[in-house]
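1. Need a 3D model of the following:
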Amino acid sequence: MTRRLGLNLLNTIQISKHQSAVQLSDFRCEWCLTTVSNSVSGFLCHHCETILRAPYPACSQCGELLNSAERRCQHCQQMPPAFDYTLAFLPYQAPVSYWLRQAKDRRRYEWLLRLGYWMARYPPAAINQVDAFAYVPSGWQKRLWRGFNPARIICEQLAAMHHKPIVHKALRRRGSTPQRGQQRQSRLLQARQQFASGQQALDGLHLLLIDDVLTTGATADATAALLKQQGASIVGVWALARTPPPGMPIPMPQHGCGLPESQA
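-> The predicted structure follows:
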């Protein structure tokens, strides 16, 4: 408990330092390397922010990209997930995918603060109707190696900026089988086996489930079902990034980029 409180305090201090430093001095845009005096994100120029946040048609329930005028994808029409809606801030492709891999695979904690701060500046329209936040728990092996849970770091950033409580013990993770590279059905099966209810009193709450990357929605489906079993009436998903379906990349204009050539 003492260690957890210490980590929470450290996270809060680091988040506050990042927010305070955003507009203190000029910086170079992380994508085009242009010198910038201020911006919404604090690490990108306005032009790059606009390009990366270009709107795209997506399913209102799961956030998957659509190539039609329908509001919901075929998956959600035929087998609706347990969560009620999805808010995906960015598409999961370069350079966003590169920055998140830096955070998760190379323990570059500062990238979560940068991206989380930018995400927090664009809250959902119904944020005032949300009672509390929850987050997808990491497996203990990944927490041990990284030293943090990416979804929790982002959740704490969002909660601090929007003055929302966090439900910390509503979800438990029983396993940590890697899902990267797995197909949709395999992910669904694994997700149902890996998570368990925390037995919290969530009666009638409107919860916003925070995650870093939403791929098939299997994890969000399994965890949202557990939150509703504990009494939550509405569960939305607020993800930093959404993976495009296979073979359907989001068109991204060519742009000067500070990424290594292999990652751009």
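
2. Enumerate every residue touching Asp84.
-> If you count contacts by C-beta atoms under 8 Å, 6 or more residues apart in numbering, Asp84 has them with Gln61, Ile234, Val235, Gly236. Bear in mind the C-beta positions are built from the backbone N, C-alpha and C, glycine included.

3. Narrow those to those in strands?
-> Ile234, Val235, Gly236 (DSSP state E).

4. May I see the buried residues of stretch 122-131?
-> Pro123, Val130, Asp131 (16 or more other C-beta atoms under 10 Å).

5. all helices of the stretch 151-264 of the chain, in order?
-> Ranges of helices within the stretch 151-264 of the chain are 184-194, 218-229, based on DSSP state H, counting those that start in this stretch.

6. ranges for the strands of the stretch 101-250 of the chain?
-> All strands of the stretch 101-250 of the chain, identified by DSSP state E, counting those that start in this stretch, fall at 132-135, 171-173, 195-197, 206-214, 234-242.

7. Put together JSON lines for these, with mean neighbour count, mean pLDDT and distance to Gln93 on each row.
-> Formatted as JSON lines, the strands of the stretch 101-250 of the chain follow (neighbours: other C-beta atoms under 10 Å; pLDDT from 0 to 100; distance: least, C-beta to C-beta, whole Å):
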{"stretch": "strand 132-135", "mean neighbour count": "23", "mean pLDDT": "98", "distance to Gln93": "23"}
{"stretch": "strand 171-173", "mean neighbour count": "17", "mean pLDDT": "92", "distance to Gln93": "27"}
{"stretch": "strand 195-197", "mean neighbour count": "17", "mean pLDDT": "92", "distance to Gln93": "27"}
{"stretch": "strand 206-214", "mean neighbour count": "24", "mean pLDDT": "97", "distance to Gln93": "11"}
{"stretch": "strand 234-242", "mean neighbour count": "24", "mean pLDDT": "96", "distance to Gln93": "8"}
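
8. Rebuild the ones you listed as a markdown table, extending it with distance to Leu65.
-> Listed next are the strands of the stretch 101-250 of the chain as a markdown table, based on distance: least, C-beta to C-beta, whole Å:
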| stretch | distance to Leu65 |
| --- | --- |
| strand 132-135 | 24 |
| strand 171-173 | 27 |
| strand 195-197 | 26 |
| strand 206-214 | 12 |
| strand 234-242 | 8 |
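
9. among the ones you listed, which is nearest Arg53?
-> strand 234-242 (11.5 Å; C-beta to C-beta).

10. for the closest one, packing partners?
-> Helices and strands touching strand 234-242, by 3 or more C-beta pairs under 8 Å, 6 or more residues apart in numbering; DSSP states H and E, are strand 85-91, helix 96-105, helix 109-120, strand 206-214, helix 218-229.

11. how about those, which one is nearest Cys45?
-> helix 109-120 (12.6 Å).

12. just how off-centre is that closest one within its chain?
-> 10 Å (C-alpha atoms, centre = their mean, to the nearest Å).

13. again with stretch 45-54
-> On C-alpha atoms, centre = their mean, the centre of stretch 45-54 falls 18 Å from that of its chain.

14. any idea of the mean pLDDT for it?
-> Across stretch 45-54, the average pLDDT comes to 90.

15. what does that stretch rub up against?
-> Under C-beta under 8 Å, 6+ apart, the answer for stretch 45-54 is 29-32, 34, 36, 39-41, 44, 89-90, 95-96, 118, 122, 250, 252-253, 255.

16. Just the buried residues out of the residues you listed, in ChimeraX syntax.
-> Listed next is the ChimeraX selection for buried residues among the contacts of stretch 45-54, using 16+ other C-beta under 10 Å:
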select :29,30,31,32,36,39,41,44,89,90,95,96,118
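
17. for the contacts of Asp84, which one is nearest Pro245?
-> Within the contacts of Asp84, proximity to Pro245 (C-beta to C-beta) peaks at Gln61, which comes in at 14.9 Å.
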